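K.L.:
quick one, fold the following:
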Amino acid sequence: SYQRFANCYRCFYKLQPEMARSIYEQFIAQLQTSIKEEIQEVKDEGNLEVLFNSLDKIVEEAKNREEPAWRPSGIPEEDVRSAVVPYLLKHRSYVRKILKEKEEENRKVAESVLAGRDRIAELQQLIQARKRAWQ
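P.N.:
Below you'll find the model as predicted:
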């Protein structure tokens, strides 16, 4: 207020009250201009006009809704569950799919190993038979 300004600069106010009033008004005008420029700079840097417009649009769309908007229950575990459970279910199905693929791959490899062992056993028998025939 002008009274506080005058109290801060009491000596100057007593000598020239009209000049003190003029300085106060200039100070207030420059301060208002500076504040407006700072606010505009913040709006420009943060792209706030676009964000505020989108917020206004969301508010307008929400007015037409009949069902109430989601509100936290106050129990964080329940609030998080609605967002986390679908993700976990999707992840579980993905992991099950990968598990089935790996099990099928392992089954094929096991069959291949067993076939290789059978082939080795046949070759060993063939070697033994030829060895006996040679002797």
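K.L.:
mind checking the SS state of Ala69?
P.N.:
The three-state label given to Ala69 by DSSP: H, G, I helix; E, B strand; the rest coil is coil.
K.L.:
can you start the count at 25 instead of 1 from here on
P.N.:
Understood, numbering begins at 25; the last thing we discussed is Ala93.
K.L.:
spatially nearest residue to it, not counting backbone neighbours?
P.N.:
If the residues on either side of it in the chain are set aside, Ala93 comes closest to Ala86, at 6.6 Å by Cβ to Cβ, 6 or more residues apart in numbering. For glycine as for every other residue, the C-beta is placed from the backbone atoms N, C-alpha and C.
K.L.:
the one you found sits in which helix or strand?
P.N.:
With elements taken from DSSP states H and E, the one containing Ala86 is helix 72-87.
K.L.:
who's in contact with that helix?
P.N.:
For helix 72-87, contacts defined as Cβ atoms under 8 Å, 6 or more residues apart in numbering pick out 66-67, 93.
K.L.:
thanks a lot, catch you later.
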